[in-house]
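Peer 1: Could you work out the structure for the sequence below:
(chains A and B)
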Protein chains: 2
Amino acid sequence: MSTANARPGEIALDFDPSERATDAGLVFIGRIRTPWDERSDCPRNTREALERGAIATLEFDDAYRQGLTGLENTTHLHVLYWMHQSRRDLIVQCPNHSNGAKGVFALRSPVRPNPIALAVAEVVGMDLTEGRILVRGLDCLDGTPLLDIKPYFSGIDSRPDAKVGWMDKK
Amino acid sequence: MSTANARPGEIALDFDPSERATDAGLVFIGRIRTPWDERSDCPRNTREALERGAIATLEFDDAYRQGLTGLENTTHLHVLYWMHQSRRDLIVQCPNHSNGAKGVFALRSPVRPNPIALAVAEVVGMDLTEGRILVRGLDCLDGTPLLDIKPYFSGIDSRPDAKVGWMDKK
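Peer 2: The predicted model follows:
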């Protein structure tokens, strides 16, 4: 295992997944507009994004706008977006808040083999004809590529009793 | 807009996103083992998968197993997987349960421009050294490619009051 360009305790793969990322291909269906042009301005995570209350706009390319039909009166969305500036090879990481080294799959870090970010966003407005949805709860840079949105079904998606081992134990 | 090979009321894009899917590339990090070899055997959705109680196994390729460090005692995961058999061009669809035509982004259909499926899975066992996690709540074919898992944080991911317009109104 390589530790190139990693912090103490972090581990990089001995290959870069971005150089082998040919198993399947993605299309960007639009962009996310946020108030943040630099990573240092972004909220640290979606929780902080919600606390700040900032509004982001999901902008859908023309070709995909018909896909928004029927979204009226939907209150929450899963938003999948592409963290285009993230490296993909750090398999063990030491984020500031996590109290030690953790595997990438125990974290919500944008740095991961497939840098697909997932957020539950609150809908605050929509113009489906223009292909725009206003949401709260996104933490990404302005211009971040949009991959997909899915309606949030409370019956299958809401799990108030869920626990994350490293966070919930003391 | 084309309506090639669509049901009445459905609309296909006039291009196939799979032929333009060069904006970003994915690596498969493992496979999902389920009891279902044919689409006709699969549960219709993750709700039915939970009701049936069937166990699926997330199998991580060797290279990525260190990424599981720290997942112990985590009860729920977001699982992202690739619906490799799904067409990608149907932008308006008429699923049996949805009472008329809906845009793909108002549905959880596997047929979408980027066929990334998302399920909240309940962890029922894990062997992190061997790269295996047993879960309930997946509805996919045996051998489905795995893209990512993320810990489910109830504080940001659980929204019991969420409503989907077309489903919750009468």
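Peer 1: which residues of chain A fall in helices?
Peer 2: Ranges of helices in chain A, per DSSP state H, are A:46-52, A:154-157, A:165-168.
Peer 1: so can I have a markdown table of these showing distance to residue B:16?
Peer 2: The C-beta positions use only the backbone N, C-alpha and C, and glycine is treated the same way. Listed next are the helices of chain A as a markdown table, based on distance: least, CB to CB, whole Å:
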| stretch | distance to residue B:16 |
| --- | --- |
| helix A:46-52 | 33 |
| helix A:154-157 | 30 |
| helix A:165-168 | 42 |
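Peer 1: For residue B:19, find the nearest of these.
Peer 2: Of all those, the one in closest proximity to residue B:19, counting by CB to CB, is helix A:154-157 (31.8 Å).
Peer 1: Give the buried residues for the closest one.
Peer 2: A:154, A:156, A:157 (16 or more other CB atoms under 10 Å in any protein chain shown).
Peer 1: who does that helix touch, helix- and strand-wise?
Peer 2: Counting contacts by 3 or more CB pairs under 8 Å, 6 or more residues apart in numbering or on different chains; DSSP states H and E, helix A:154-157 packs against helix B:46-52, strand B:116-127.
Peer 1: okay, the ones you listed, which one's buried deepest?
Peer 2: Mean neighbour count (mean count of other CB atoms under 10 Å in any protein chain shown) peaks for strand B:116-127 among the helices and strands packed on helix A:154-157, with a mean of 19.
Peer 1: Can you give the distance of that one from its chain's centre?
Peer 2: 11 Å (CA atoms, centre = their mean, to the nearest Å).
Peer 1: Now do it, average pLDDT.
Peer 2: Here strand B:116-127 scores 97 as its mean pLDDT.
Peer 1: Please save the CA atoms from it in PDB.
Peer 2: Extracted in PDB, the C-alpha atoms of strand B:116-127 (Å, rounded to 0.1, in the frame of the first residue of the first chain):
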ATOM      1  CA  ILE B 116     -27.300   4.100  -9.900                       C
ATOM      2  CA  ALA B 117     -29.600   2.400  -7.500                       C
ATOM      3  CA  LEU B 118     -29.800   3.600  -3.900                       C
ATOM      4  CA  ALA B 119     -31.100   1.500  -1.000                       C
ATOM      5  CA  VAL B 120     -31.000   1.900   2.800                       C
ATOM      6  CA  ALA B 121     -29.900  -1.600   3.900                       C
ATOM      7  CA  GLU B 122     -30.100  -3.100   7.400                       C
ATOM      8  CA  VAL B 123     -26.900  -4.700   8.500                       C
ATOM      9  CA  VAL B 124     -27.400  -8.200   9.900                       C
ATOM     10  CA  GLY B 125     -23.700  -9.400  10.000                       C
ATOM     11  CA  MET B 126     -20.200  -8.500   8.800                       C
ATOM     12  CA  ASP B 127     -16.800 -10.100   8.300                       C
END
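Peer 1: And the residue nearest the centre of chain A?
Peer 2: residue A:117 (2.3 Å; CA atoms, centre = their mean).
Peer 1: That one pairs with what?
Peer 2: residue A:81 (DSSP bridges).
Peer 1: correct me, but it touches residue A:84?
Peer 2: No. Counting by CB atoms under 8 Å, residue A:117 does not reach residue A:84; the two are 10.3 Å apart.
Peer 1: Spit out the contact partners of the residue nearest to residue A:51 when sequence neighbours are not counted.
Peer 2: The shortest distance from residue A:51 to any non-neighbouring residue, by CB to CB, 6 or more residues apart in numbering or on different chains, is to residue A:43 (7.8 Å). If you count contacts by CB atoms under 8 Å, 6 or more residues apart in numbering or on different chains, residue A:43 has them with A:36, A:49, A:51, A:52, A:54, A:139.
Peer 1: switch to 10 Å and redo it
Peer 2: Residues in contact with residue A:43 (CB atoms under 10 Å, 6 or more residues apart in numbering or on different chains) are A:34, A:36, A:49, A:50, A:51, A:52, A:54, A:137, A:138, A:139, A:140.
Peer 1: Distance-wise, check it relative to chain B.
Peer 2: As for residue A:43, its distance to chain B is 12 Å (criterion: CB to the nearest CB, to the nearest Å).
Peer 1: try residue A:12
Peer 2: Distance from residue A:12 to chain B, by CB to the nearest CB: 10 Å.
Peer 1: what about stretch A:149-158, start to end distance?
Peer 2: 17 Å (CA to CA, to the nearest Å).
Peer 1: any idea of the mean pLDDT in that stretch?
Peer 2: On average, stretch A:149-158 scores 97.
Peer 1: Can you check the pLDDT for residue A:99?
Peer 2: 80.
Peer 1: what about the residue nearest to it when sequence neighbours are not counted, how many neighbours?
Peer 2: The spatially closest residue to residue A:99, leaving aside those adjacent along the chain, is residue A:166, at 7.2 Å (CB to CB, 6+ apart). Counted with other CB atoms under 10 Å in any protein chain shown, the neighbours of residue A:166 add up to 18.
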